[in-house]
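Undergrad: Below: sequence and its predicted model.
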Amino acid sequence: CSNNLDGLVKVNLTCEKIDALYQPKLKATPNDKALITLVLKLYDMRKCNNNPNYLPLVEKSFEMEPNAQAAEMLGNNYRKLKNADKMILYFEKAAELSTDNTKKEEYYIILADAYVNKSPSQSRVYANKALDINPNNGKAMIYIGMAIYKTACGDKFDKAMHACISLDYFNRAKNADPSVAALANKNIATYSKYVPLKSDAFFRNLKNGDSYTIPCSGLTATVKTR
């Protein structure tokens, strides 16, 4: 098979020629695993990743033999195509199939990022999964901080108190992981504008440094005011 591949490459097969040669065969025998593997190798060798037949064939290969590496590749390709739903689908499969904790942590962070605006509570789930693997993952802490404020509940004061918790996560992130310091500081500058006014805290007999449990979420925050 390797010698055949070398021979095919030597005749300068283009992506179009690969399609002309093999798409009829693939349509005739769509479940021929050896044929699918051969065509994918040819596509890869000729860098046919933008070929419209490429991703469907990779997906077919994945269906026949699910594995984390193929799922990651599909996730990355759909991320480039800005297809968020399919990107999420395949990174979730990659995380499920992987036995490598370092890779799992990477996938969880990608998913936390993908969900942070789409479903903040789900973003928080994946960020916590990354922290279970690596308690010093600064990006995970940042996504948790963002998700907590995005899902803030209660009245104006209680929502503002969620920002106090977010700030704690951002500060924890940069202390645990200096590589995310710039991102953490950017979020600190933004979320500092959302904490309660000093007058609103005073009205509730609270001051900076006091502990306050937010009734609607059950989260406990250290009071910060502006």
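TA: Looks like it arrived, so ask away.

Undergrad: Now do the helices in this protein.
TA: Taking DSSP state H as the criterion, the chain contains helices spanning 2-10, 15-28, 33-45, 54-64, 68-80, 84-97, 101-115, 120-133, 138-150, 156-176, 181-191, 198-203.

Undergrad: which one of those has the lowest average pLDDT?
TA: In terms of average pLDDT, helix 2-10 trails the rest of the helices of the chain, at a mean of 54.

Undergrad: hmm, back to that, and Lys224, which of the helices of the chain is closest to it?
TA: helix 156-176 (4.6 Å; CB to CB). The C-beta positions use only the backbone N, C-alpha and C, and glycine is treated the same way.

Undergrad: The closest residue to Ala152 other than its chain neighbours: what's it in contact with?
TA: With CB to CB, 6 or more residues apart in numbering as the criterion, Ala152 has its nearest non-adjacent residue at 3.7 Å, and that residue is His162. The neighbours of His162, taking CB atoms under 8 Å, 6 or more residues apart in numbering as the test, are Ile148, Tyr149, Thr151, Ala152, Cys153, Ile214, Ser217, Leu219, Ala221.

Undergrad: Report the buried members of those residues.
TA: Ile148, Tyr149, Ala152, Ile214, Ser217, Leu219, Ala221 (16 or more other CB atoms under 10 Å).

Undergrad: Now do the third one against Asn31, distance only.
TA: Applying CB to CB, to the nearest Å, the value for Ala152 to Asn31 is 50 Å.

Undergrad: before we move on, what about the fourth one?
TA: According to CB to CB, Ile214 and Asn31 sit 55 Å apart.

Undergrad: ok, and which of the helices of the chain has the densest surroundings?
TA: Looking across the helices of the chain with neighbours counted as mean count of other CB atoms under 10 Å, the highest average goes to helix 138-150: a mean of 25.

Undergrad: now that one: how far from the chain's centre is it?
TA: Taking the mean C-alpha point of helix 138-150 and that of its whole chain, the gap between them comes to 13 Å (CA atoms, centre = their mean, to the nearest Å).

Undergrad: In PDB, list the C-alpha atoms belonging to that helix.
TA: The C-alpha atoms that make up helix 138-150 are tabulated as PDB, following Å, rounded to 0.1, in the frame of the first residue of the first chain:
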ATOM      1  CA  GLY A 138      -5.500  29.700  35.100                       C
ATOM      2  CA  LYS A 139      -7.700  29.700  32.100                       C
ATOM      3  CA  ALA A 140     -10.200  27.400  33.800                       C
ATOM      4  CA  MET A 141     -10.400  29.900  36.700                       C
ATOM      5  CA  ILE A 142     -11.000  32.800  34.300                       C
ATOM      6  CA  TYR A 143     -13.800  30.900  32.600                       C
ATOM      7  CA  ILE A 144     -15.400  30.100  35.900                       C
ATOM      8  CA  GLY A 145     -15.200  33.700  36.900                       C
ATOM      9  CA  MET A 146     -16.800  34.900  33.700                       C
ATOM     10  CA  ALA A 147     -19.500  32.200  33.900                       C
ATOM     11  CA  ILE A 148     -20.400  33.100  37.500                       C
ATOM     12  CA  TYR A 149     -21.200  36.700  36.500                       C
ATOM     13  CA  LYS A 150     -23.000  35.700  33.300                       C
END
